[in-house]
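[1] next input, structure requested:
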Amino acid sequence: MNDFPHAPPGASQEGEPPPRRPSRRKVLAAIAVSAAATAPLLSAGPADAAPDRRGDLLYIGTWKQNQVHAVRFDPGDGTMTSLGPVAQVSSNWVVAHPARPVLYVAGDEQGGYIRVFHIDDGSGALHQVGELATESAPGVTGGLSYFGLTADAETLLAADFPAGTAVTVPVHSDGGLGSVASRVQDTGSGPNPRQQGPHPHHVVVDPSGSYVLVADFGADRVFVYEYDAATRRMSRGTPDGPGAYATAPGSGPRRLAFHPHGRAVYLLNELTADIQVLHWDRRHGVLTTHQILSTNAPDHTGTTSAAELAVSRDGRFVYTSNRGDNTLVVFSANPGTGLLTEIQRIPCGGVTPWSFSLHPDGRWLFVANEASGTVNLFRVDPSSGRLTDTGNSVAVPYPDCITFRVGGRRHAAGRS
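    So this is what the prediction gives:
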């Protein structure tokens, strides 16, 4: 990545001219703050509240467009209806709370801001109710490349790409955010001009809840920090600092995902566009290499850039996107070892598949094709894992990430 997390392949360094976008002809051809929340959030309705039958909501971040877009999705017939922009805010990353009508939006401004919005399930509209600066002092360089919630939705984990830091933030029962609980500083650099210092790109908690893993693009490392779920804090561990897994120089670690059985970790490297299967020793917090596969096509030439990674809920399939080839690559996973076999390579439906998201029901995959300005829908075969392009898409300017508010609930209480 560049000084900010989602720089396209071949992006410039800070202070240089921005990267040139593909021409319209090529695009068309390819397609053919301080502290906790400033206001309390409303509690969700009772668990047995009637589902909103108007379908799911997709919220889509946009790269340097200062907008969040919304789409209404019917998972029954796979139709998407654009609701247009619903917030004017920097949106490097967006995450919906799994149980509350709450959307978190990360910005690229100095300070590493996360903004909290209340979701109106009926209209998809957003109302900002909180804001948090994740960096320790005003004006500190920051720009969040990723954040996500732990499985219990009680902690938010964030990676600050330019600052080289990762943080943990407590999440209140109503979805509001507390103050930053812990902050760690990565160290190191790599041989690529875009690796002049540490640039964390992804943060995950291991299945045991004892460690936090940070994929650092700039340092060519996966750092392993100790984690205390009770205090929601991560620490450097021994006096020698955190454990670390070293990739080949110039790899650019970007994404991490655990296999459901917890013994294998998948690491996607951006600059070399390879996926690694790592064995996870949860007793000692140690990663070791088991397999390395390229996500590039055999005849690939030109820019090399892998982007997104996801594992199916049952652990049988692993999905990646390749921005150099404009493809999605599907692997089958051995249920015991987690080792991978490529089973499909399919065009992404647009240009520059920046990210994608698997729908929670496992039958759909949405691709944010950043350079072509579309979110494209693929059908997932749950038996084979293979993808089929439905031909359905919606226009969104420079989409960079997608999250879901599934089966929104109607609430008896008033809304903000």
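
[2] neighbours of the residue nearest to residue 85 when sequence neighbours are not counted, just the number please.
    Distance criterion Cβ to Cβ, 6 or more residues apart in numbering; nearest residue to residue 85, sequence neighbours excluded, is residue 67 at 4.4 Å. Using the backbone N, CA and C atoms, a C-beta is placed for each residue, glycine as well. Using other Cβ atoms under 10 Å, residue 67 is surrounded by 19 other residues.

[3] could I get the pLDDT score of the nearest residue to residue 290 once chain neighbours are set aside?
    Spatially, and ignoring its direct neighbours in sequence, residue 290 is nearest to residue 277 (4.6 Å; Cβ to Cβ, 6+ apart). For residue 277, the pLDDT comes out at 98.

[4] and residue 277, what does it touch?
    Contact analysis of residue 277 by Cβ atoms under 8 Å, 6 or more residues apart in numbering lists 264-266, 289-292, 337-340.

[5] using the three-state scheme, assign residue 202.
    Secondary structure state of residue 202, per DSSP: H, G, I helix; E, B strand; the rest coil, is strand.

[6] ok, it touching residue 215?
    Yes - between residue 202 and residue 215 there is a contact at 4.2 Å, judged by Cβ atoms under 8 Å.

[7] and for these two, which residues touch both?
    By Cβ under 8 Å, 6+ apart, the residues touching both residue 202 and residue 215 are 253-256.

[8] distance of the residue most central in space within the chain from residue 217?
    In the chain, the C-alpha nearest the mean C-alpha coordinate belongs to residue 146, at 5.5 Å (Cα atoms, centre = their mean). Residue 146 sits 11 Å away from residue 217, going by Cβ to Cβ, to the nearest Å.

[9] can you pull the residues that touch both of those two?
    The contact sets of residue 146 and residue 217 overlap at residue 201 (Cβ under 8 Å, 6+ apart).

[10] ends of stretch 58-66, what's the gap?
    17 Å (Cα to Cα, to the nearest Å).

[11] can you tell me the average pLDDT over that stretch?
    95.

[12] quick one: buried residues of it?
    58-65 (16 or more other Cβ atoms under 10 Å).

[13] now stretch 183-193
    For stretch 183-193, burial by neighbour count (16+ other Cβ under 10 Å) applies to 183-184, 186, 188, 190, 192.

[14] tabulate the CA atom coordinates of that stretch in CSV.
    What follows is stretch 183-193, C-alpha atoms only, in CSV (Å, rounded to 0.1, in the frame of the first residue of the first chain):
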residue,chain,number,x,y,z
ARG,A,183,-2.1,0.7,21.3
VAL,A,184,0.9,-1.1,19.9
GLN,A,185,3.6,0.2,17.6
ASP,A,186,4.9,-2.0,14.8
THR,A,187,8.5,-1.7,13.7
GLY,A,188,10.4,-2.6,10.5
SER,A,189,10.6,-1.9,6.8
GLY,A,190,10.9,-3.7,3.5
PRO,A,191,12.7,-3.3,0.1
ASN,A,192,9.8,-1.9,-1.9
PRO,A,193,9.6,2.0,-2.0
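
[15] any idea how far residue 180 is from residue 156?
    In this view, residue 180 and residue 156 are 10 Å apart by Cβ to Cβ.

[16] now the helices: where do they sit in the stretch 1-150 of the chain?
    Along the stretch 1-150 of the chain, counting by DSSP state H, counting those that start in this stretch, helices occupy 24-31.

[17] for the residue nearest to the centre of the chain, what are its contacts?
    5, 93, 106, 158-159, 201-203 are the contacts of residue 146 under Cβ under 8 Å, 6+ apart.

[18] ok, and the closest non-adjacent residue to residue 352?
    The shortest distance from residue 352 to any non-neighbouring residue, by Cβ to Cβ, 6+ apart, is to residue 371 (3.8 Å).

[19] let me see the backbone angles for the one you found.
    Residue 371 adopts backbone torsions of phi -70, psi -30, taken as degrees, to the nearest 10.

[20] again, but for residue 229
    Taking degrees, to the nearest 10, you get phi -60, psi -30 for the backbone angles of residue 229.

[21] how far away is the closest residue to it other than its chain neighbours from residue 255?
    Nearest residue to residue 229 in three dimensions, chain neighbours excluded: residue 209, at 4.7 Å (Cβ to Cβ, 6+ apart). For residue 209, the distance to residue 255 (Cβ to Cβ) stands at 20 Å.

[22] neighbour count: these two, which is higher?
    Counted by other Cβ under 10 Å, residue 209 and residue 255 do not tie: residue 255 has more neighbours, with 23 against 16.

[23] mind checking which helix or strand that one is in?
    Using DSSP states H and E, residue 255 falls within strand 253-258.

[24] what are the contacting residues of that strand?
    Among residues not part of strand 253-258, those counted as contacts by Cβ under 8 Å, 6+ apart are 1, 201-202, 204, 206-207, 213, 215-217, 220-222, 247, 264-270, 280, 306-311, 318.

[25] quick check: next helix or strand after that strand?
    Downstream of strand 253-258, the next assigned helix or strand under DSSP H and E is strand 264-269.

[26] between that next one and strand 253-258, how many degrees?
    The directions of strand 264-269 and strand 253-258 differ by 160 degrees, with axes from the mean of the first three to the mean of the last three Cα atoms, to 10 degrees as the criterion.

[27] list the buried residues in strand 264-269.
    So, applying 16+ other Cβ under 10 Å, buried residues of strand 264-269: 264-269.

[28] which one of those residues is nearest to residue 331?
    Of all the buried residues of strand 264-269, residue 331 sits closest to residue 266, with 8.9 Å by Cβ to Cβ.

[29] got the confidence number for the closest one?
    98.

[30] ok, it touching residue 308?
    No - applying Cβ under 8 Å as the test, residue 266 and residue 308 come out as separate, 11.7 Å apart.

[31] one step back: compare residue 202 and residue 215 and say which is more crowded by neighbours.
    A direct count of neighbours by other Cβ under 10 Å for residue 202 and residue 215 places residue 215 higher, at 31 against 26.
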